[in-house]
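Undergrad: coordinates for the following, if possible.
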Amino acid sequence: MSIATAPDTITLAGVATLTKEELHQAVAERLYNTVGKAMQSASRRDIYTALSLAVRDLLTQRWRQTTEAHYDANPKFAYYLSAEYMLGKQLGQNLLYTGTTELAEQFATDFGATLQEFLELEPEPGLGNGGLGRLAACFMDSLATLDLPAVGYGIRYEFGIFRQTFVDGWQVEQPDTWLLHGNPWEFIQPDDMIEVGFGGYTDHVPDGGGRLRVRWVPGQKVLGEPCTTLVPGYGTNTVNILRLWRARAAEEFDFQMFDTGNYAQAVEQKIYSENISKVLYPNDGTPQGRELRLRQQYFFVACSLHDIIRRFRLRNSNWNDFPAKVSIQLNDTHPVIAIPELMRILLDEEGLNWDQAWRIAQRTFAYTCHTLLPEALEKWPVSLFEYLLPRHLEIIYEINHRFLAHVRARFPGDEARVARMSLIDEADGRQIRMANLASVGSFAINGVASLHSQLLHDFTLADFGVMFPDRFQNKTNGVSPRRFMKLANPRLCQLITETIGDGWLNDMERLRGLEPYADDAAFRQAWREIKRYNKESLAAFVQHSTQTIVDPDAMMDVMVKRLHEYKRQLLKLLHIVTLYQRLQDNPALDIVPRTFLFGAKSASGYATAKLIIKMVNSIAEVVNADPIVRDRLKIVFPANFNVTMGQIIYPGAELSEQISLAGKEASGTGNMKFALNGALTIGTLDGANIEIRELVGAENFFLFGLNAQEVMDLKARGYHPYDWYANNRTLKRAVDAIASGVFSRGDATLFRPLMDALLRHDEYLIFADFQPYIDSQDQVDLLYRDPEAWTRMSILNTARSGYFSSDRTIREYAHDIWGLKPVKV
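TA: So this is what the prediction gives:
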């Protein structure tokens, strides 16, 4: 970020005029009054905190105006319930959104530092892990930018998922202590704490009118304390909020226990209660882990619904108006317990009858499904609900009873269909199917890419697609161009603005104006120079984080995404081994030098994925050290991939690896970030790859592999991976080298489980797609030798990817699902 000459004053749209002196004064006041330090003795972290608080104060003015405008208008709100939000660092974005970046650069210079030093002091919030959480963050950004009334709800995790480190190539999970120095961006609001119950029993007692009413008597209570983060829009005065809940014990300290010397037991309840908001996605491989996950889900849903109802009652009193003022989006199955929770409130606390309550609930909830993998569609043991949420189980039983009566009336005699559609899976140890509950209790069901939505309707939720065809629709994901272009790639954004004018960040279809410049030699040269600069920055980051020197002139071939077998990092590794073996056979081979950059976390309990991480690092150990290779191939794997790292990687990437098995990836959003920053995609017809290819042009996309229908046909005929292995010498040689210990210091047992699984089952058809992938990579090699042609394709990828702005996605949700109107502040 250059410290260019800047105006002495910055005008914030409709809010205030800020001068450099006023920024100095605001920081000094926060330093003294909040941090408790004098300027003369303050550390750089103290200054970072005071600067962040001063910028937050600017947002607070806009938040007040937004709150007043919303109160006056009494509009319909969208409430977004998500288990995770992968926000990224906040200072840089909030400086951009308040128009104070240049003033902050001047301030840092006056302090004898650079703004970048302050930005690097900020920890990334540990509130998310993968695409689900980053999508939620992009959506919150777009909702505010589009002036749409919205609140996001989730959990304020104390330690996030984990901080990834490598020890001898193995992933090791460390606590993510992102809150060690506090969080200047949140307002902690203990006055708004909400009581949440677990366990206990239900009573059926007559009310004054002679009806039986149910009263839930929880056996344990936990408090939910809200932590509110401001979410500003770009180019607008709107500031929405993200409200995250942290767990507090209802009784934190047992004085009698302490007084008798039982010090640990004295705080046992506090520890037990607050575990709920300690970690994102605790390992559910144990009964205790599964119970904690369900506690987390109900905890944040119960707190959020209580808050939603409080907000509704500020201006409304008639429950029949609730769906006209409230739309609740369930981001995957994690918050689906909200459906029976709202029913419990309406029935037990508000005294509505069943039909009225169910009509309100069904018109309130909408469900986004983010997967096609059956194992990812959550199920919970009935026994766990009996113990933890007995009243909710009763409500689920009643929903199921009434729903199955409709199924039987619609499909008489089809008991197999009834069994499939039931909310209770009777064949698998009696489990509650949360996706079925969401499908029954929501007025809209959407997938997140065209193919995904079709497969969701036709296969994953096929019975519901037949019964409720009008509920199903597609909402292809998008990403925030402010975060992943303006903040991540400022030089490219400056070139784009100089070429097509300003305003495109909020109207991404204007990127189409770049298309004619793909044929302009001077523009292509400028584009290449920016890519080269970004590659140099990425190479410097790689050297700093991995102590590995990479050549900025080598092709930057990147695969960063959550580690899962269906994403097929193993296929990428087989390609690398194949190239390595070619060089062993012919050290003089003319090959395009490549840096292979991986980034991925594995779930802590996912042993196979963790072994794949070990394999990446083990192959890197051999290839990077081999003198025959002569640095023509380099493998690097920076630990702890997150948003901050992504903002360095996406601008410097040249080849985007989107190689999941067709029909398995819901959408992907990394593919969009790469394309917007000018990387070319090599990929299958899976997820949003299909739409990327359609938009950028088939000639600007490296396609390979089976499509979804061909995958199903091959599996139906009988897939025998050993035959593919035996009949392809290149594949066999690569597999044999891995299995024999070439890349594991002679240990032939280390990676044998991975190779055996491929030879026997190959669930994700890596062997079937291997040769087409190798052939496509050879085409990549050939084209990269022509920098003019490659640059032209790069420009067209950016120019034609404006569709993948999250603004477009949110406009579709607002119009097609929520019925939401903007409120100008």
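
Undergrad: next secondary structure element downstream of the longest strand along the chain?
TA: In the chain, ranked by residue count with DSSP state E as the criterion, the top strand is strand 220-232. Where DSSP states H and E defines the elements, the next helix or strand beyond strand 220-232 is strand 239-249.

Undergrad: what angle do that following strand and strand 220-232 make?
TA: Strand 239-249 and strand 220-232 are oriented at 160 degrees to each other (axes from the mean of the first three to the mean of the last three C-alpha atoms, to 10 degrees).

Undergrad: could you give the mean pLDDT of strand 239-249?
TA: Across strand 239-249, the average pLDDT comes to 97.

Undergrad: helices or strands next to it in the packing?
TA: Packing partners of strand 239-249 (3 or more C-beta pairs under 8 Å, 6 or more residues apart in numbering; DSSP states H and E): helix 44-73, helix 131-145, strand 150-155, strand 220-232, helix 268-274, helix 287-313. Heads up, the C-betas are built off the backbone N, CA and C, glycines and all.

Undergrad: how far off centre is it?
TA: The chain centroid and the centroid of strand 239-249 are separated by 18 Å, computed with C-alpha atoms, centre = their mean, to the nearest Å.

Undergrad: neighbouring strands - and their directions - for that strand?
TA: strand 150-155 (parallel), strand 220-232 (antiparallel) (DSSP bridges).

Undergrad: so what's the nearest residue to Phe484 once chain neighbours are set aside up against?
TA: Distance criterion C-beta to C-beta, 6 or more residues apart in numbering; nearest residue to Phe484, sequence neighbours excluded, is Lys673 at 4.7 Å. When contacts are counted by C-beta atoms under 8 Å, 6 or more residues apart in numbering, Lys673 touches Val479, Phe484, Gly646, Tyr650.

Undergrad: coming back round to it: turn the helices and strands packed on strand 239-249 into CSV, including mean pLDDT, mean neighbour count and distance to Met755.
TA: Listed next are the helices and strands packed on strand 239-249 as CSV, based on pLDDT from 0 to 100; neighbours: other C-beta atoms under 10 Å; distance: least, C-beta to C-beta, whole Å:
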stretch, mean pLDDT, mean neighbour count, distance to Met755
helix 44-73, 97, 19, 48
helix 131-145, 96, 26, 29
strand 150-155, 98, 25, 39
strand 220-232, 97, 21, 46
helix 268-274, 75, 16, 44
helix 287-313, 97, 20, 30
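
Undergrad: for Leu373, find the nearest of the ones you listed.
TA: Closest to Leu373 of those, according to C-beta to C-beta: helix 131-145, at 13.2 Å.

Undergrad: what is that closest one packed up against?
TA: With contacts taken as 3+ C-beta pairs under 8 Å, 6+ apart, helix 131-145 sits against strand 77-81, strand 150-155, strand 220-232, strand 239-249, strand 326-331, helix 806-812.

Undergrad: quick check: Thr66 vs Asn237, distance?
TA: To Asn237, Thr66 is 7 Å away according to C-beta to C-beta, to the nearest Å.

Undergrad: what's the overlap in contacts for those two?
TA: Residues touching both Thr66 and Asn237 by C-beta under 8 Å, 6+ apart: Val825.

Undergrad: among the strands paired with strand 239-249, which comes closest to Ser82?
TA: Smallest distance to Ser82 across these (C-beta to C-beta): 5.3 Å, for strand 150-155.

Undergrad: tilt between that closest one and helix 131-145?
TA: With the same axes, to 10 degrees applied, the angle from strand 150-155 to helix 131-145 works out at 150 degrees.

Undergrad: need the CA coordinates for strand 150-155. CSV is fine.
TA: Extracted C-alpha coordinates of strand 150-155, given in CSV (Å, rounded to 0.1, in the frame of the first residue of the first chain):
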residue,chain,number,x,y,z
ALA,A,150,-30.0,-7.6,7.8
VAL,A,151,-28.4,-9.1,10.8
GLY,A,152,-26.0,-12.1,10.9
TYR,A,153,-26.0,-14.5,13.8
GLY,A,154,-23.4,-17.1,14.9
ILE,A,155,-21.0,-18.1,17.7
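
Undergrad: skip ahead from that strand and say which helix or strand is next.
TA: Following strand 150-155 in sequence, per DSSP H and E, is strand 163-167.

Undergrad: name the strands paired with that following strand and say parallel or antiparallel.
TA: Take DSSP bridges as the rule and strand 163-167 pairs in its sheet with strand 170-174 (antiparallel).

Undergrad: with just CA atoms, put the strand it pairs with into CSV.
TA: What follows is strand 170-174, C-alpha atoms only, in CSV (Å, rounded to 0.1, in the frame of the first residue of the first chain):
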residue,chain,number,x,y,z
TRP,A,170,2.2,-33.8,9.9
GLN,A,171,-0.5,-31.3,10.7
VAL,A,172,-0.5,-30.4,14.3
GLU,A,173,-3.4,-28.4,15.8
GLN,A,174,-2.6,-25.5,18.1
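
Undergrad: now the element after it, going C-ward?
TA: The helix or strand immediately downstream of strand 170-174 is strand 186-188, counting by DSSP H and E.

Undergrad: does anything pack onto that following strand? Which helices or strands?
TA: Other elements packing on strand 186-188 under the criterion 3+ C-beta pairs under 8 Å, 6+ apart are strand 220-232.

Undergrad: got the angle between the strand it packs on and helix 44-73?
TA: Using the same axes, to 10 degrees: strand 220-232 against helix 44-73 is 90 degrees.

Undergrad: now do strand 220-232 against helix 287-313, angle only.
TA: Interaxial angle of strand 220-232 relative to helix 287-313 (the same axes, to 10 degrees): 60 degrees.

Undergrad: distance between strand 220-232 and the chain's centre?
TA: Distance of strand 220-232 from the chain centroid (C-alpha atoms, centre = their mean) equals 20 Å.

Undergrad: only alpha carbons, please: show that strand as CSV.
TA: What follows is strand 220-232, C-alpha atoms only, in CSV (Å, rounded to 0.1, in the frame of the first residue of the first chain):
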residue,chain,number,x,y,z
GLN,A,220,-29.2,-26.9,33.0
LYS,A,221,-29.0,-23.2,32.0
VAL,A,222,-26.4,-21.3,30.1
LEU,A,223,-26.2,-17.6,29.4
GLY,A,224,-25.6,-16.3,25.9
GLU,A,225,-23.7,-13.0,25.8
PRO,A,226,-23.9,-11.0,22.5
CYS,A,227,-20.7,-9.6,20.9
THR,A,228,-21.7,-7.2,18.1
THR,A,229,-19.5,-6.4,15.2
LEU,A,230,-20.3,-3.6,12.8
VAL,A,231,-20.6,-4.5,9.1
PRO,A,232,-20.4,-1.4,6.8
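
Undergrad: distance of the nearest residue to Ile432 once chain neighbours are set aside from Asp425?
TA: Using C-beta to C-beta, 6+ apart and skipping residues adjacent in sequence, the residue nearest Ile432 is Trp380, 4.8 Å away. Separation of Trp380 from Asp425 (C-beta to C-beta): 10 Å.

Undergrad: what does Trp527 give?
TA: Distance from Trp527 to Asp425, by C-beta to C-beta: 54 Å.

Undergrad: those two: which is more packed in?
TA: Trp527 (24 against 16; other C-beta atoms under 10 Å).

Undergrad: my read: that one touches Ile795, true?
TA: Yes - using C-beta atoms under 8 Å, Trp527 is in contact with Ile795, at 5.8 Å.

Undergrad: what touches both of these two?
TA: Among the neighbours of Trp527, those also in contact with Ile795 (C-beta under 8 Å, 6+ apart) are Gly678.

Undergrad: pretty sure Thr60 contacts Pro232?
TA: No - Thr60 is not in contact with Pro232 according to C-beta under 8 Å; the separation is 10.4 Å.

Undergrad: shaky segments in the chain?
TA: Residue ranges of the chain with pLDDT under 70: 1-17, 252-268.

Undergrad: at 50 what do you get?
TA: Scanning the chain with the threshold set as pLDDT under 50 gives 1-16.
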